[in-house]
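J.: predicted model follows, preceded by the sequence.
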Amino acid sequence: MKITDARVIVTCPGRNFVTLKIETDQGVYGIGDATLNGRELAVVSYLRDHLAPCLIGRDPRRIEDIWQYGYRGAYWRRGPVTMAAIAAVDTALWDIKAKMAGMPLYDLLGGKSRDGVMVYGHANGADLEQTVDEVGRYIGMGYKAIRAQSGVPGLKDAYGVGRGTMYYEPADAALPTETVWDTRKSLNFVPKLFEKLRATYGFDHHLLHDGHHRYTPMEAANLGKALEPYQLFWLEDCTPAENQEAFKLVRQHTTTPLAVGEIFNTIWDCKDLIQNQLIDYIRCTVVRAGGITHLRRIADFAALYQVRTGSHGATDLSPVTMGAALHFDTWVPNFGIQEYMRHTPETDEVFPHAYSFADGYLHPGDAIGHGVDIDETIAARYPYKPAYLPVARLEDGTLWNW
Ligand code: GCO
Ligand code: MG
């Protein structure tokens, strides 16, 4: 069996997606996601100009060997561009293997460990009242877990506040939008939001919050402590994690569960966090962290330390990543939760998929492979459009973490 073609498809049904389609001499093809929000074309070139030509003629069944070839073989290891390209190849190859076996991917991985994948949705509002109402709306839709982000009094454009209600999309301009951040105002406000949410809806639902890397370790410790009475499912990205040691300080001060990993690319980014039990959830997902092959390695390592998974699932991860992640989540023993930001109907039309939502759970469906395809005719209607994530500055103009 041989790979005959590896083609990159770029489409923008409201936001940019980069998709790899690998074809074989046996007529079976596989699909992988290679989208890197705001830096899409770098991965397009990596795949089209560098990695794809090396794949032609290789045996697609040798997934592990091809993964190592992409990782060690480049000499230049890791990084978001390289790992998104490797992930796209890996996801497409698992799709092919599962189709060859005539199985849904979760069966090939080891079979179902659960009946449904618990997801969390995004409730966000311009202010406290609107956010409280939004959380109520998500509860009404059947969600068991909800992330709450709100506009902060005195701050224009706080993180996570969308323009629409269902389809929040941060990459909103052809050049980065500039937003303003103030930690003091946020620290003063966020505990009040969760106090109100618990007072309104009680303690039956899981509530989550994303700090989006904006606090220093001591500020994050302070926030975690202040949130303890409201029993969050997790506090996400409370501080940047390039220095994994930073989480030690946060951990010493709070019992609020901690989650991190959406911008990690390999097991090396989370090795110390996991083995020192500094986090509770590891949020790496398929496209960011080298595909199914590498994500499995991370999850197995995390299981030794009772760290559970919590795959990133924002709209910049295409339905292909969502489908593959759901098969992974269905199998992985140490599953925690899956993020679920809904794609627009235009995106769903470009990527026909077998997964579906019911009662707070996503289900991967029983299609063979990972169950997500790309309709190239519809995709061709939406050409690439430059779009960047915003940047954040402190009130005095200092560039901060968005
Ligand atoms: C999340 C994330 C996203 C990111 C986005 C960047 O938890 O869902 O923080 O909203 O900001 O994926 O491209
Ligand atoms: Mg996040």
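T.: The structure has been received and is ready for your questions. Ligands and ions are numbered 1, 2, ... in the order given.
J.: buried residues in stretch 158-174?
T.: A158, Y159, G160, V161, G162, Y167, Y168, E169, P170, A171 (16 or more other Cβ atoms under 10 Å). Where C-beta positions appear, they are placed from N, C-alpha and C, glycine not excepted.
J.: and that stretch with ligand 1, contact?
T.: Yes - contact between stretch 158-174 and ligand 1, assessed by Cβ under 6 Å from any ligand atom, occurs at P170.
J.: quick one: mean pLDDT for that stretch?
T.: Stretch 158-174 carries an average pLDDT of 79.
J.: so what touches that stretch?
T.: 14-16, 37-38, 122, 124-126, 134, 137, 147, 149-152, 179, 181, 186, 210, 212, 214, 315-316, 341-344, 385-390, 392, 402 (Cβ atoms under 8 Å, 6 or more residues apart in numbering).
J.: is any part of stretch 309-328 close to ligand 1?
T.: Yes - under the criterion of Cβ under 6 Å from any ligand atom, ligand 1 is reached by stretch 309-328 at A314, D316.
J.: mind listing the strands for the stretch 151-300 of the chain?
T.: 178-181, 206-210, 234-236, 258-260, 281-282 (DSSP state E, counting those that start in this stretch).
J.: whoops, the stretch 1-150 of the chain was the one
T.: 3-11, 17-24, 29-33, 117-125, 145-150.
J.: using PDB, list the CA coordinates for the shortest one.
T.: It refers to strand 29-33. Taking Å, rounded to 0.1, in the frame of the first residue of the first chain, the C-alpha atoms of strand 29-33 are listed here in PDB:
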ATOM      1  CA  TYR A  29      -8.100   8.500   1.800                       C
ATOM      2  CA  GLY A  30      -7.600  10.200   5.100                       C
ATOM      3  CA  ILE A  31      -8.200  13.800   6.400                       C
ATOM      4  CA  GLY A  32      -6.200  15.800   8.900                       C
ATOM      5  CA  ASP A  33      -6.500  19.300  10.300                       C
END
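J.: contacting residues around F328?
T.: Residues near F328 by Cβ under 8 Å, 6+ apart: L105, Y106, L109, V286, I292, L295, R296, A299, S311.
J.: these two touch, right, the first one and G369?
T.: Yes - because the distance of 6.2 Å satisfies Cβ atoms under 8 Å, L105 is recorded as touching G369.
J.: between these two, which contacts overlap?
T.: D95, A98.
J.: poorly predicted segments of this structure, please.
T.: Scanning the chain for pLDDT under 70 picks out the ranges 162-165.
J.: can you list the domains in it?
T.: The chain resolves into domains spanning 3-104, 109-369 when parsed by automatic domain parsing.
J.: what's around G111, how many residues?
T.: Around G111 there are 11 other residues, counting by other Cβ atoms under 10 Å.
J.: so A299 makes contact with N334?
T.: Yes - with contacts counted by Cβ under 8 Å, A299 reaches N334, the gap being 6.2 Å.
J.: which residue packs closest to D329, ignoring adjacent ones?
T.: Closest residue in space to D329, ignoring its immediate chain neighbours: V117 at 4.3 Å, by Cβ to Cβ, 6 or more residues apart in numbering.
J.: what sits against that neighbour?
T.: Here V117 is in contact with L326, D329, T330, F335, Q338, Y361, L362, H363, P364 (Cβ under 8 Å, 6+ apart).
J.: before we move on, what about G32?
T.: Neighbouring residues of G32 by Cβ under 8 Å, 6+ apart: 19-20, 22, 87-93, 95, 287, 291, 320, 324.
J.: return the member of the residues you listed nearest to ligand 1.
T.: Ligand 1 has its nearest neighbour among the contacts of G32 in V287, at 10.6 Å by Cβ to the nearest ligand atom.
J.: and the residue in the stretch 251-400 of the chain that ligand 1 sits nearest to, its phi and psi?
T.: Closest residue of the stretch 251-400 of the chain to ligand 1, Cβ to the nearest ligand atom: A314 (3.4 Å). Backbone geometry at A314, expressed as degrees, to the nearest 10, gives phi -70, psi 170.
J.: count of residues packed around it?
T.: A314 has 17 nearby residues by other Cβ under 10 Å.
J.: and V320, by the same measure?
T.: Neighbours of V320 using other Cβ under 10 Å come to 31.
J.: A helix includes it, no?
T.: Yes - applying DSSP: H, G, I helix; E, B strand; the rest coil, one finds V320 inside a helix.
J.: surely it touches A87?
T.: No - contact criterion Cβ under 8 Å: V320 and A87 do not qualify, at 10.1 Å.
J.: where do the contact lists of the two overlap?
T.: With Cβ under 8 Å, 6+ apart, V320 and A87 have common neighbours G32, D33, V287.
J.: quick check, the second one in contact with R288.
T.: What it means is D33. No - contact between D33 and R288 fails when scored by Cβ under 8 Å: they sit 10.0 Å apart.
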